[in-house]
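>>> predicted model follows, preceded by the sequence.
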Amino acid sequence: MMKRLVVIAALFYVAVTAVFAFQQRQYLFNTGDDGRLAAASGLAVPDSQRVSLTASDGVQIAAWYVPPAPGRKVMLFFHGQGGQLVIQTGRWRRIREAGHGILALSYRGYPGSKGSPTEAGINLDARAAYDWLVERHAKQDIVLHGHSLGSGVAVHLAAGVEAHALVLEAPFTAAVDVATERMPWLPVGLLMLDQFRSRDRIAQVRMPLLIVHGNRDAVIPPVHSERLFGLANEPKTFVRMVDGDHNTLVRDGLYDHLWSFLGKLTDPGQRRGPN
């Protein structure tokens, strides 16, 4: 009987491991589409327009662009696991009211875009979006902003390009770290294909950094931001949002902190990084 129980337990473990291995991208990338974003011509704010980007591997990517007012920045936004660009009207409204521009892309496999999501592919999408902006704006007028999963995309891009600043909203040290914490009984580090290891790249970032995290985040614990912040170069700023959860930071005052952060960067001394 004991041997039979051991065999059953072993088979169950193998089965669960196999399910994770073969369905992991369905868990990591929530590409569900209710049809509204793919059909949308804009982001429900003035002057917004849909643009088409082509990644270096030929995949067509949808993005939504709002031009900045004269003298303002343009926010290159990388969304989280669920996308949900169509319902983030509060975010776009705050950016637009401040006069800043927006380029928000929908990763490959997400609404409006072709292909299937992978870490490597999404990084190509991000670079295509950056290159599109650089054709129209100075590099120092671009602010990279990643939320949740998008923080991994933003860090990867920021490690290899120039921009005015990097903003990380509820970031992780790595997607594989979050998965390991949730499933410590699985060999996640060996199985996970898309690991988004921001902790391995953040030291390569040479631009001012703002990290914002809610102390009640139920998706990514704030300790991830604290560890990532410790690995980052100066100049850097960390804001802990009291009572903020994973998806409430815009409502809780994220952009007040962001505008203050950008305002301080008008002082050249604030932009000085490591030699």
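Good, I have the coordinates.

>>> G82 and L76, how far apart?
Shown here: G82 relative to L76, a distance of 19 Å by CB to CB, to the nearest Å. Just so you know, the C-beta spots here come from the backbone N, C-alpha and C atoms, and that holds for glycine as well.

>>> swap in A165?
Where L76 is concerned, A165 sits at a distance of 11 Å (CB to CB).

>>> follow-up on the earlier one: G82 and L76: who's more crowded?
Relative neighbour count places L76 above the other of G82 and L76, with 27 against 15, counting by other CB atoms under 10 Å.

>>> wait, the more buried one touches A129, no?
Yes: the criterion here is CB atoms under 8 Å, and L76 meets it with A129 at 6.0 Å.

>>> quick one, strands of the chain?
Remark: strands assigned in the chain by DSSP state E are 49-54, 60-66, 74-78, 101-106, 142-147, 165-169, 209-214, 236-241.

>>> so for the first one, mean pLDDT?
Read it as strand 49-54. Taken as a whole, strand 49-54 carries a mean pLDDT of 94.

>>> list the strands paired with that strand, with their directions.
Strand 49-54 has the following strand partners under DSSP bridges: strand 60-66 (antiparallel).

>>> and the strand it pairs with, what's buried?
Across strand 60-66, burial judged by 16 or more other CB atoms under 10 Å covers I61, A62, A63, W64, Y65, V66.

>>> same check, this time on stretch 217-228
Judged by neighbour count using 16+ other CB under 10 Å, the buried positions of stretch 217-228 are D217, I220, P221, P222, H224, S225, R227, L228.

>>> ok, now how distant is the second one from R197?
Meaning I220. Separation of I220 from R197 (CB to CB): 15 Å.

>>> how deep is D252 tucked in, by neighbour count?
Number of residues near D252 (other CB under 10 Å) recorded here: 17.

>>> I'd like the buried residues of stretch 217-228 written out as a markdown table, with pLDDT and distance to G253 added.
Below are the buried residues of stretch 217-228 laid out as a markdown table (pLDDT from 0 to 100; distance: CB to CB, whole Å):
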| residue | pLDDT | distance to G253 |
| --- | --- | --- |
| D217 | 97 | 15 |
| I220 | 97 | 19 |
| P221 | 97 | 21 |
| P222 | 97 | 16 |
| H224 | 98 | 21 |
| S225 | 98 | 16 |
| R227 | 98 | 24 |
| L228 | 98 | 21 |
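
>>> OK, contacts around the spatially most distant residue from the centre of the chain?
Outermost residue of the chain with respect to the C-alpha centroid, by CA atoms, centre = their mean, is M1; its distance is 50.0 Å. Counting by CB atoms under 8 Å, 6 or more residues apart in numbering, M1 touches no other residue.

>>> shouldn't R201 be in contact with A154?
No: assessed by CB under 8 Å, R201 is found out of contact with A154, at 10.3 Å.

>>> and the two? Which one has more around it.
For R201 and A154, the more surrounded residue by other CB under 10 Å is A154, and the numbers stand at 27 against 18.

>>> can you count the residues close to the nearest residue to the more buried one once chain neighbours are set aside?
Counting by CB to CB, 6 or more residues apart in numbering, the nearest residue to A154 once its immediate chain neighbours are dropped is G146, at 2.9 Å. Number of residues near G146 (other CB under 10 Å) recorded here: 27.

>>> do T266 as well
Other residues lying near T266 total 8 when counted by other CB under 10 Å.

>>> for this protein, give me the ranges with low pLDDT.
7, 9-10, 13, 33-35, 38-40, 267-275 (pLDDT under 70).

>>> if I pick I202, what's in contact with it?
Taking CB under 8 Å, 6+ apart, we find I202 in contact with V155, A159, L228, L231, A232.
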